[in-house]
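Asks: structure of the sequence below:
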Amino acid sequence: MKKIIWFLLIVTGIQVGTFSYYNHLLGGGANGPDAAAVSYKIGGSNGDPVKLFDGQTDQVALSDSKNLVAYVDEQNTLHVQDITNNKEVYTLSNEGKIDYITWIQDNGLLLGISKGKGSNKKLIVKTAMLSTNNVRTIRTIGPVSSTSTFKKMTFSPFTNDIYILVGNKNISKLYHVGTSGDFKMENVSSYYVDNILMASTKNELFFEDVKQRIPYLHSRDEKGTHRIEKNAVALRAINDTLYYGKLDAAGNVTSVYTYEQGTSNKIIDLNQPVKPDRLLVKEDGTLIRVEDAKYVDLKTNKETTIAGEGQASVKNNVLFKSSPSGTTLINL
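Replies: Just a heads-up that it's a prediction; the model follows:
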């Protein structure tokens, strides 16, 4: 009964709790300027291409509702575009090199920013809230090595736990921001953590622990750490279900599984091996294989040509094409 009451309280207070928590962290902060409307094509959730800007980027993120897209341009300016009405609703500049962006539902963004060079380099975690137009530094990490950067940020909108993975090709460190705002380093691996994801409704972390180039996929919660699979990579967490790929000796995905509450279930054997960064998992669990100029629905085998110049990329389950002539979102 206590668990049921607690869950109902969380669900009832989710919006208030999440935004109050982050606004508390933000208190004060700098304002971002208003932006004018743009004339790019409106894109729905049916795969229509949405031209974002005339330039190249590797930082694109979709909000929970899929109505807002954030991207970082070549001048390290953060833009937020409402793709339902062609308007740019937020910009943020002069913050430093923005290495990583991810959404806090539809209300704001977590930013990973690097400043300084050589032995003076530091990594800065910030939040930018659209509703209040405030920006606030949560933590400065460093000094760090000149090659260190933000590898991944993930959080649970229900519990407000945030995990931040930083590092380079040889060393990684994992940090946790708790519900009270405490910031600490987590010792989950004696080797190298390469990727992290979180369940939505509980403080369950999924991570890849790499030993001798082999990723060991784990889950970690208040009960401890559990190995899910050897030679496997996390693809996406939808609610509390993890989608992960089993790898062959060449590091390609050959089959995809789901994992929830200690149980794994195979959902598909791929008809050809696929690199993990060429797989996208949609919100309904549909698997998409991405190629340079097309994507393939692995359930129906339907092929769709991807508009725009450049090579298609998948980052945090967002599909886009980017080249010096422009960046195009494919909103699946």
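
Asks: lowest-confidence helix or strand of the protein?
Replies: Least confident element among the helices and strands of the chain, by mean pLDDT, DSSP states H and E: helix 2-12 (a mean of 37).

Asks: that's a helix at K321, yeah?
Replies: No: assignment of K321 by DSSP: H, G, I helix; E, B strand; the rest coil gives strand, placing it outside any helix.

Asks: surely it is in contact with E309?
Replies: Yes: between K321 and E309 there is a contact under Cβ atoms under 8 Å: 6.9 Å. Using the backbone N, CA and C atoms, a C-beta is placed for each residue, glycine as well.

Asks: more neighbours: those two, which one.
Replies: K321 (20 against 13; other Cβ atoms under 10 Å).

Asks: tell me who's in contact with that one.
Replies: K321 makes contact with 306-313, 327-328, 330 under the criterion Cβ atoms under 8 Å, 6 or more residues apart in numbering.

Asks: now do the contacts for E186.
Replies: E186 touches 163, 174-176, counting by Cβ under 8 Å, 6+ apart.

Asks: got the confidence number for it?
Replies: Looking at E186, its pLDDT is 90.

Asks: in its sheet, what does whichever strand in the chain runs longest sit against?
Replies: If you go by DSSP state E, the chain has its longest strand at strand 263-274. Using DSSP bridges, strand 263-274 pairs in its sheet with strand 253-260 (antiparallel).

Asks: how far is the partner strand from where the chain is centred?
Replies: The chain centroid and the centroid of strand 253-260 are separated by 19 Å under Cα atoms, centre = their mean, to the nearest Å.

Asks: stretch 149-161 now?
Replies: Stretch 149-161 sits 8 Å away from the centroid of its parent chain (Cα atoms, centre = their mean).

Asks: i'd like the first residue to be 18 from this point on
Replies: With 18 as the first residue, the last one maps to stretch 166-178.

Asks: what mean pLDDT does it have?
Replies: 88.

Asks: over to stretch 229-246?
Replies: 94.

Asks: what's it in contact with?
Replies: 205, 211-212, 219-227, 247-251, 259, 261, 263-264, 274, 276, 279, 281.

Asks: so which helix or strand takes in the spatially closest residue to A254 that is not a sequence neighbour?
Replies: Nearest residue to A254, sequence neighbours excluded (Cβ to Cβ, 6 or more residues apart in numbering): L214, at 4.4 Å. Assigned by DSSP states H and E, L214 falls within strand 209-215.

Asks: quick one: whichever helix or strand comes after that strand to strand 209-215, angle?
Replies: Next helix or strand after strand 209-215 toward the C-terminus (DSSP H and E): strand 222-228. Using axes from the mean of the first three to the mean of the last three Cα atoms, to 10 degrees, the inter-axis angle of strand 222-228 relative to strand 209-215 is 160 degrees.

Asks: could you point out the helix or strand that follows strand 222-228?
Replies: strand 231-238.

Asks: may I see the buried residues of the helix or strand that that next one is followed by?
Replies: Downstream of strand 231-238, the first helix or strand assigned by DSSP H and E is strand 241-247. Residues of strand 241-247 classed as buried: 245-246 (neighbour count, 16 or more other Cβ atoms under 10 Å).

Asks: and for stretch 207-224?
Replies: Neighbour count says stretch 207-224 has 209-216, 218, 220-224 buried, by 16+ other Cβ under 10 Å.

Asks: cool, and stretch 270-287?
Replies: 270-277, 287.

Asks: just the closest of the residues you listed to V313, please.
Replies: V313 lies nearest to L287 out of the buried residues of stretch 270-287, by Cβ to Cβ, at 10.6 Å.

Asks: report pLDDT for the residue lying closest to the closest one once chain neighbours are set aside.
Replies: With sequence-adjacent residues excluded and distances taken as Cβ to Cβ, 6+ apart, L287 is closest to T271, at 5.7 Å. Note on T271: pLDDT of 98.

Asks: surely T271 meets P290?
Replies: Yes: assessed by Cβ under 8 Å, T271 is found in contact with P290 at 5.4 Å.

Asks: which residues do those two both contact?
Replies: Common neighbours of T271 and P290, using Cβ under 8 Å, 6+ apart, are D265.

Asks: G325 in helix, strand or coil?
Replies: coil.

Asks: gap between it and E105?
Replies: 19 Å (Cβ to Cβ, to the nearest Å).

Asks: again with A329
Replies: In terms of Cβ to Cβ, A329 sits 24 Å off from E105.
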